[in-house]
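> sequence and computational prediction follow.
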Amino acid sequence: CLLLSIGGKNIMLDCGMHMGYNDDRRFPDFTYIAQDEPLTEYLDCVIISHFHLDHCGALPYMTEMVGYNGPIYMTVPTKAIAPILLEDMRKVAVDKKGDQNFFTADMIKTCMKKVIAVNLHQVVQVDADLEIKAYYAGHVLGAAMFQVKVGNQSIVYTGDYNMTPDRHLGAAWIDKCRPDVLITESTYATTVRDSKRCRERDFLKKVHDCIEKGGKVLIPVFALGRAQELCILLETYWERMNLRCPIYFSAGMTEKANHYYKMFISWTNEKIRKTFVDRNMFDFRHIKSFDRSYIENPGPMVVFATPGMLHAGLSLHIFKKWCGDEKNMIIMPGYCVAGTVGHKILNGTKRLEFEKGVMTEVKMSVQYMSFSAHADAKGIMQLITWCEPRSVMLVHGEADKMKFLKAKIKEEHGLECYMPANGETAVIPLKAPIPAKVSVSLLKKEAEVYSRHPPDNSRARLLHGVLVMKSDGTCSILDTQAVNEEYDLGLHTVRFTSTVSIHSKLDVPAIILRLLETFAPVLEGTDYVAHRTGDNEITIHSVILQVEESEEAFKDVRISWTYSEDKLGSTILKMVQSL
């Protein structure tokens, strides 16, 4: 979780648990907020980005056991799915492992009653000063990035997101909101993933080769997300190849997943939404519910089992049974937190101690194939380009990889980048913009000048007005005439004057004619015309030129112009200097 302080408001971003611990260390250390007292008066709101347990797993512990009664915001699908995953985790931790100091089923229900569901792009006013807005994040059903605004200051918190569309979800999207800070995940800070098609082909080949040799394939997944992605992939392949080998999914979870994908079909990608009426992509013909008795069945099979990091539950139970046979294979399709069995076997551990004093040999083939729905380095850089933040903070990653990405962001985007460690505070100075309302008359005047010529994006568009700051702190830019009328200040005009000495035997009238001839071709096609307004004077709009006799064979040309036509005055001055 992250504790954000912005504009005098305190917001908690996500409230997850660490999958690598089985004691109190799995929950966030709430003493950073308050010592042994409820958190309600210290926090203005809590925002949950999505239903994965490393982002919402400690929420009931926080609200019911530590004490928090303030507003909690998450999307509608997250509010529907999070309690199911929380209850599954509670059953594994309490009913099967006998863990103490854990929340109850009733606590989950009470906690979820405090949640306020938000829709995408809905601006939610938390209080008079604080507002939040959700953007589509891809990753899993209901995942969202959140913009948090307090006055003129704003941040965007990405949670977990995916910049590449897949078989069942679209790509993350955000508008050019230009936050002061972009807080982005950096799970794959140094990875640029290869083609998705190549990965899918490689995955299918590995599975097919293993079952052809009579082996069993275990694919640990979280119940919703990558599971559906890989199920659709295997389903279409089995159909195409006419394979008969059984594919199983953790009992009960397929039905629940199917139910939620039907309910929140608008959160899936365009292809699924279009074909949904004719055929529900989540009604799998080749994938059946798994029963624990099947573990000992002879012959090949493919099993999707939860959870995805092998830290507990059915996936770990099956792994213990199958890991001793070299014909079998385990494919890890996503990221594993340090301390989990998944992380250990991916780092080459061949002997594991599941029971005290008893070592288990890992002989099965261990494969890692990134079907993870996190943004890779290229995706993170793309998001920075899209939303144009003033600075970036990297979270949810490994320190060495984050250092590399930090240097890359500084090099390519020229942005200050922060990567605080757990428990560390990062203070980010903000340059708050001052909004000002511009008067309609001023805008019309500028538009009239601009419209005299064909549109040209490279041409500067200047507004000349007076900045008025009122006692209530509001600012406006008004026309000088309007300010003078409203405040009766008296109108004063600032003029710039410069004198150029010209060596010439011509008399003053002849020099005036010479100057008119010089200006004519330059001013042709513009809105300006040079007029002779006296024996020794030329006027070009607000620019006045006067020629006077000086010392023998020298004439003084005095050029005067108003501040509002500085460009014209400077141009005329340079022309006279070049004579």
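Ah, there it is.

> for the nearest residue to residue 257 once chain neighbours are set aside, which residues are in contact?
Spatial nearest neighbour of residue 257, excluding adjacent residues (C-beta to C-beta, 6 or more residues apart in numbering): residue 224 at 5.3 Å. Heads up, the C-betas are built off the backbone N, CA and C, glycines and all. Residue 224 is in contact with 51, 81, 85, 140, 141, 257, 260, counting by C-beta atoms under 8 Å, 6 or more residues apart in numbering.

> hmm, try it at 7 Å
By C-beta atoms under 7 Å, 6 or more residues apart in numbering, the contact set of residue 224 is 81, 140, 141, 257, 260.

> so which of those residues sit within helices?
Cross-referencing the contacts of residue 224 against helices under DSSP state H gives 81, 257, 260.

> so the closest residue to the first one other than its chain neighbours is in which element?
Put plainly, it is residue 81. Nearest residue to residue 81, sequence neighbours excluded (C-beta to C-beta, 6+ apart): residue 51, at 4.6 Å. In the assignment (DSSP states H and E), residue 51 maps to no helix and no strand.

> and residue 561, by the same measure?
strand 554-562.

> what does that strand contact?
Residues from elsewhere that reach strand 554-562 (C-beta under 7 Å, 6+ apart): 493-504, 508, 511, 542-550, 568-569, 572-573, 576.

> just checking, what packs against the lowest-mean-pLDDT helix or strand in the chain?
Sorted by mean pLDDT, DSSP states H and E, the helices and strands of the chain end with helix 253-263, the least confident at a mean of 73. If contacts are counted by 3 or more C-beta pairs under 7 Å, 6 or more residues apart in numbering; DSSP states H and E, helix 253-263 sits against helix 76-90, helix 226-241.

> could I get these as a markdown table with distance to residue 296?
Listed next are those as a markdown table, based on distance: least, C-beta to C-beta, whole Å:
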| stretch | distance to residue 296 |
| --- | --- |
| helix 76-90 | 24 |
| helix 226-241 | 23 |
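
> what about the spatially closest residue to residue 350 that is not a sequence neighbour, how many neighbours?
Nearest non-adjacent residue to residue 350, counting by C-beta to C-beta, 6+ apart: residue 362, 5.1 Å away. A total of 19 residues lie near residue 362 under the criterion other C-beta atoms under 10 Å.

> what's the separation between residue 362 and residue 328?
10 Å (C-beta to C-beta, to the nearest Å).

> over to residue 354?
17 Å.

> please name the bridge partners of residue 250.
Residue 250 forms beta bridges with residue 290, as assigned by DSSP bridges.

> wait, it sits on residue 308?
No: Residue 250 is beyond contact range of residue 308, at 11.2 Å (criterion: C-beta atoms under 7 Å).

> so between these two, which is more surrounded?
More neighbours surround residue 308 than the other of residue 250 and residue 308, with 27 against 23 (other C-beta under 10 Å).

> excluding covalently adjacent residues, which one is nearest to residue 366?
residue 345 (5.1 Å).

> what does residue 339 give?
Computed as C-beta to C-beta, 6+ apart, the closest residue to residue 339 that is not its neighbour in sequence is residue 20, at 2.4 Å.

> need the contact list for the one you found.
Going by C-beta under 7 Å, 6+ apart, residue 20 touches 337, 338, 339, 340.

> coming back round to it: quick check, nearest of the ones in helices among the contacts of residue 224 to residue 367?
residue 257 (23.9 Å; C-beta to C-beta).

> tell me how far that closest one lies from residue 51.
According to C-beta to C-beta, residue 257 stands 12 Å off from residue 51.

> am I right that residue 354 is in a strand?
Yes: with DSSP: H, G, I helix; E, B strand; the rest coil as the criterion, residue 354 is part of a strand.

> what number of residues lie near it?
Counted with other C-beta under 10 Å, the neighbours of residue 354 add up to 12.

> what do you get for residue 548?
11.

> before we move on, what about the one 3 residues further on?
For residue 551, the neighbour count with other C-beta under 10 Å is 9.

> next up, the contacts around residue 396.
Going by C-beta under 7 Å, 6+ apart, the list of residues near residue 396 reads 185, 186, 187.

> hmm, back to that, more neighbours, residue 257 and residue 51?
Between residue 257 and residue 51, counting by other C-beta under 10 Å, residue 51 is the more crowded of the two (29 against 22).

> you'd agree the more buried one is up against residue 142?
Yes: the criterion here is C-beta under 7 Å, and residue 51 meets it with residue 142 at 6.5 Å.

> any residues in contact with both of the two?
Common neighbours of residue 51 and residue 142, using C-beta under 7 Å, 6+ apart, are 78, 81.

> name the spans of the stretch 301-450 of the chain whose pLDDT lies under the cut-off.
Residues of the stretch 301-450 of the chain that meet the criterion pLDDT under 70 lie in 432.

> can you rerun that using 90?
For the stretch 301-450 of the chain, the stretches with pLDDT under 90 are 305-314, 333-340, 351-360, 368-377, 396-398, 422-423, 429-436, 439-450.

> quick one: the helices in the stretch 151-300 of the chain, in order.
Using DSSP state H, counting those that start in this stretch, the helices of the stretch 151-300 of the chain run over 196-212, 226-241, 253-263, 270-275.
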